[in-house]
Structure formats: structure tokens, C-alpha cells
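Participant: predicted model follows, preceded by the sequence.
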Amino acid sequence: MLLLYIIFGVYIAAVNFYAVLLIKSQKDEAGGDQSKMNAGDGKLILCALLGGAVGIYVSMFILKYRLKNMMLMVIMPVIAVINIYFIIVAFKSGFTFFAA
């Protein structure tokens, strides 16, 4: 059971690290061009749904990237709350919801 907790913790850390790198690469790629900044929302939302919403939201503020985009500023905290809820439920239940 301990191994499952470790694997899940490493997964969440890896997805959040990837989310930070994704934000940084998109910011570097855009280079201040507003037309290029709107590309890549699908990658951000997919990464957030896989567990990286907290990493995306925090790195948006640290890197000052797309803070005026209201869609991301509303969706990311909502997905982050859902991610945190599922993580808490998974750890409290001991991942028994996976067993049939």
C-alpha cells in the first residue's frame, strides 16, 4: 500500500512539474505577441485535468503569464479544487475505489 502512495505522489509531483515547464515554454514561445498567447489552451486544460491545475495556476502568477485571460483565471482554480478533492478522497480511502 505504501508503494501505491509513493507512486501517486510522484505522479502528482511530475504532472505539476510538467505544468510549470509548459507555462514557461509557452511564455518563451509567445515572446509578448498577443496573437500567439491564445494558442495552447487545450494543452493547459488537459494538463490541469490530469492533476496539474495547482502547478499551472501558481506558475501563471510567478511568471506573470496570461493573467488577463479570464477563462484560465476562472477554470484553473475550479479544476484545482476538484483535483485536491480527488487526491484527498484517494488517500483517505486507501485507493480502494479502484478495486472492483
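Facilitator: All right, it came through fine.

Participant: what segments of this structure are helices?
Facilitator: Assigned by DSSP state H, the chain shows helices spanning 2-30, 34-37, 41-47, 53-62, 70-93.

Participant: need the winner for burial among the ones you listed.
Facilitator: Using mean count of other CB atoms under 10 Å, the stretch among the helices of the chain with the largest mean neighbour count is helix 53-62, at a mean of 19. (Each C-beta comes from the backbone N, C-alpha and C, glycine too.)

Participant: so where's the chain shaky on pLDDT?
Facilitator: Low-confidence segments of the chain, defined by pLDDT under 70: 32-39, 97-100.

Participant: residue contacts, the most centrally placed residue in it?
Facilitator: Note on the chain: the residue nearest the mean C-alpha position is G52, at 1.9 Å, using CA atoms, centre = their mean. Neighbouring residues of G52 by CB atoms under 8 Å, 6 or more residues apart in numbering: V15, N16, Y18, A19.

Participant: from G94, how far out is it?
Facilitator: 24 Å (CB to CB, to the nearest Å).

Participant: what do you get for A19?
Facilitator: For A19, the distance to G94 (CB to CB) stands at 27 Å.

Participant: ok, and the closest non-adjacent residue to the residue nearest to the centre of the chain?
Facilitator: Excluding its sequence neighbours, the residue lying closest to G52 (CB to CB, 6 or more residues apart in numbering) is A19, at 3.4 Å.

Participant: wait, A80 sits on G55?
Facilitator: No: using CB atoms under 8 Å, A80 is not in contact with G55, being 9.1 Å away.

Participant: and K64, backbone torsions?
Facilitator: phi 50, psi 50 (degrees, to the nearest 10).

Participant: oh, I was asking about Y65
Facilitator: Main-chain dihedrals, Y65, degrees, to the nearest 10: phi -120, psi 120.

Participant: count of neighbours near it?
Facilitator: 18 (other CB atoms under 10 Å).
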